[in-house]
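Novice: Give me the fold of what follows.
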Amino acid sequence: MKILYKAFLFSLLVVLPCSLFSQNVPQGKSQFLFFDDVIEHTQKKLHQTLDEIRYNSSMHPSHTNRESGMWEEAYMRRSEWTSGFFAGTLWNMYRITGEEFWRELATDWTEDLESAAKFNFDHDTGFRVMNSYGVGYLITSKRPYFRVLITGAQTLSTRFSPAVGAIKSWDPWHGLDATYPVIIDNLMNLELLFYTARELNNDHLYDIAVRHAETSLEHHMRPDGSTYHIVDFNEYGEVNSKFTRQGYGPNSVWARGQAWAVYGFTMAYRFTRDQRFLEAAEAAANYFTGNLPEDFVPYYDFLEPVRSVRTKDASAAAITASALFELYSHTSKSEYFNSAVNILNALSSENYLSIHSKESSVLRQSTLHRGLGNVGTSYADYYFLEAIIRYKEITHQPFPQIAANHTFYLEQNFPNPFNNSTRIFYSIEEYLDVEITLYDASGRKIRTLRREPHAPGTYSLEINASGLSTGVYFYSVTAGNQRQLRKMVHIK
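Specialist: Numbers count the residues shown, from 1 in each chain. Below is the predicted model of the structure:
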């Protein structure tokens with residue numbers, strides 16, 4: 001299958017999304033100057049947030065109040081599109097420091113979001129799940145987290161229309177007069193599909209992600225590299241309209257939307273190696289960096305004509321800085337590396353870091369939408385830390401040693417029910433002899449599927465259904481004195 005070749009390409013990439021880089025740092029180029037100060041400040045603000053929300057892991061910070069500087073409690077629900085970012089920030093802090101305190105907190109805030117993998121009312125499943133469970137799994141290898149990613153990817157895929165070639169972003173309740181709106185932000189959620197497709201060798205999820213990226217490339221991108229926020233389609237895939245909602249007007253260039261394009265197309269190239277997506281990422285990046293003001297942090301809209309509402313957007317800057325580091329890793333173009341570092345240094349200044357501010361967020365001066373600026377956001381903080389991690393990776397700076405969590409665990413097979421074949425995943429926590437056995441519904445042994453020594457780690461096994469009749473079957477994994485059993489259904 002084509003996915004197997006793609007899996008080979010993916011195997012050339014490193015495991016962590018923040019560890020994408022192998023080339024040398026451009027000699028004599030920009031340096032990030034404030035790492036220790038920023039990490040100390042970030043830990044201080046995270047403690048402030050934890051005290052503020054009373055260490056309640058069902059509260060997921062989204063944005064701050066402009067007057068009080070505290071997180072808006074009404075926007076801390078699991079259903080908010082931002083709910084996964086605080087958990088992801090805690091994981092990033094654990095990645096940077098290696099302190100178990102942050103791991104324990106990240107675990108609590110992540111596992112509160114399990115139900116979010118089944119939220120099917122918008123496109124933001126990827127934001128909620130990939131930035132919490134996904135980051136946690138990639139750092140710890142805690143295998144039950146991958147099951148949540150599968151559930152999230154399946155949920156997200158149900159919003160895909162083959163006629164439109166895209167995942168529907170919003171339903172009518174969102175208050176938008178549109179038939180089938182697809183927003184530029186939606187590119188970011190494709191990472192959940194791409195990653196899960198790779199791990200499962202699943203062409204269906206992969207093809208959905210590619211089709212959506214192609215549709216966004218065709219319709220969101222303008223010739224100059226700028227982007228529309230929203231493209232509305234009819235049920236046949238014909239374009240009704242293209243416009244920007246969160247900027248000042250229909251044909252403006254919303255800075256955060258532009259950041260999503262830089263990041264999203266770069267990520268799509270990572271998984272596909274499709275040159276079209278790399279060219280789109282570069283075009284979007286060149287527009288973004290070519291229109292930055294002197295302090296490297298954009299106004300919320302590049303074309304906003306009214307000075308009184310031209311608030312800055314630190315979130316757009318942080319997202320783009322992280323994306324530019326990855327873009328540099330694919331192109332070796334030093335201008336992307338330098339631009340990312342310049343943005344990081346700017347965000348680390350007193351103008352944007354909440355050093356002398358009562359705000360609970362790490363960064364200040366983000367903008368939610370026109371007229372609502374000068375707030376802190378959880379996603380600005382998340383991508384700020386992710387960008388710093390990517391800088392450290394590129395510059396070959398050491399990280400604390402983090403042990404993977406390979407507990408003995410057997411997952412449900414996927415897909416289930418199945419026809420021709422299905423795949424099981426299991427984790428082994430120590431060096432042991434492992435036996436995998438298939439049984440019929442009465443418990444009679446049909447055959448041994450695998451019997452061999454295993455090192456600690458996570459494994460998969462494809463079960464071929466040839467010779468099996470329709471019905472219920474059981475499979476077990478035995479490792480030493482541990483055994484787990486699960487049920488599966490075969491349908492011809």
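
Novice: Which parts of this protein are helices?
Specialist: For the chain, the helices defined by DSSP state H occupy 2-11, 35-52, 85-97, 100-111, 125-129, 135-140, 144-157, 190-200, 203-219, 255-272, 275-290, 314-331, 334-347, 378-394.

Novice: Ok, which of the ones you listed comes nearest residue 483?
Specialist: Set against residue 483 and scored by Cβ to Cβ, those come closest in helix 144-157, at 17.6 Å. Placement of C-beta: from N, CA and C, glycine included.

Novice: Give me the buried stretch members for that closest one, please.
Specialist: Of all the residues in helix 144-157, those buried under the rule 16 or more other Cβ atoms under 10 Å are 145-157.

Novice: Tell me, please, where in this protein the pLDDT is lower than the cut-off.
Specialist: Scanning the chain for pLDDT under 70 picks out 1-28, 173.

Novice: need the buried residues of helix 144-157 in CSV with distance to residue 483, can you?
Specialist: Compiled in CSV, those are given as follows (distance: Cβ to Cβ, whole Å):
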residue, distance to residue 483
145, 22
146, 21
147, 19
148, 24
149, 26
150, 23
151, 25
152, 29
153, 29
154, 28
155, 31
156, 34
157, 33
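
Novice: Out of those residues, the closest to residue 309 would be?
Specialist: Nearest member of those to residue 309, counting by Cβ to Cβ, is residue 156, at 34.0 Å.

Novice: how close does that closest one sit to residue 411?
Specialist: Here the criterion is Cβ to Cβ, to the nearest Å. By it, residue 156 lies 19 Å from residue 411.

Novice: still on that earlier bit, for residue 72, state which of the buried residues of helix 144-157 is nearest.
Specialist: Checking those against residue 72 by Cβ to Cβ gives residue 152 as the nearest, at 25.2 Å.

Novice: give the contact list for that closest one.
Specialist: Contacts for residue 152 (Cβ atoms under 8 Å, 6 or more residues apart in numbering) come out as 116-117, 125-126, 128-130, 133, 192, 196.

Novice: who are the neighbours in contact with the residue lying closest to residue 178 once chain neighbours are set aside?
Specialist: Among residues not flanking residue 178 along the chain, residue 232 sits closest, at 4.0 Å (Cβ to Cβ, 6 or more residues apart in numbering). Residues near residue 232 by Cβ under 8 Å, 6+ apart: 178-182, 239-243.

Novice: How about residue 353?
Specialist: Going by Cβ under 8 Å, 6+ apart, residue 353 touches 38, 41, 347, 362-364.

Novice: care to break this protein down by domain?
Specialist: Domain assignment for the chain by automatic domain parsing gives 2-394, 409-490.

Novice: just how off-centre is the last one within its chain?
Specialist: Its chain's C-alpha centre lies 30 Å from the corresponding centre of domain 409-490 when counted by Cα atoms, centre = their mean, to the nearest Å.

Novice: One more: the first one?
Specialist: Using Cα atoms, centre = their mean, the mean C-alpha position of domain 2-394 is found 7 Å from that of the whole chain.

Novice: okay but residue 298 is in contact with residue 289, surely?
Specialist: No - with contact defined as Cβ atoms under 8 Å, residue 298 does not reach residue 289; the gap is 9.6 Å.

Novice: just to revisit the earlier point, quick one: the contacts of residue 353 as JSON lines, columns for distance to residue 486 and neighbour count too.
Specialist: Shown next, in JSON lines, are the contacts of residue 353 (distance: Cβ to Cβ, whole Å; neighbours: other Cβ atoms under 10 Å):
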{"residue": "38", "distance to residue 486": "45", "neighbour count": "22"}
{"residue": "41", "distance to residue 486": "47", "neighbour count": "17"}
{"residue": "347", "distance to residue 486": "47", "neighbour count": "27"}
{"residue": "362", "distance to residue 486": "42", "neighbour count": "30"}
{"residue": "363", "distance to residue 486": "45", "neighbour count": "29"}
{"residue": "364", "distance to residue 486": "49", "neighbour count": "23"}
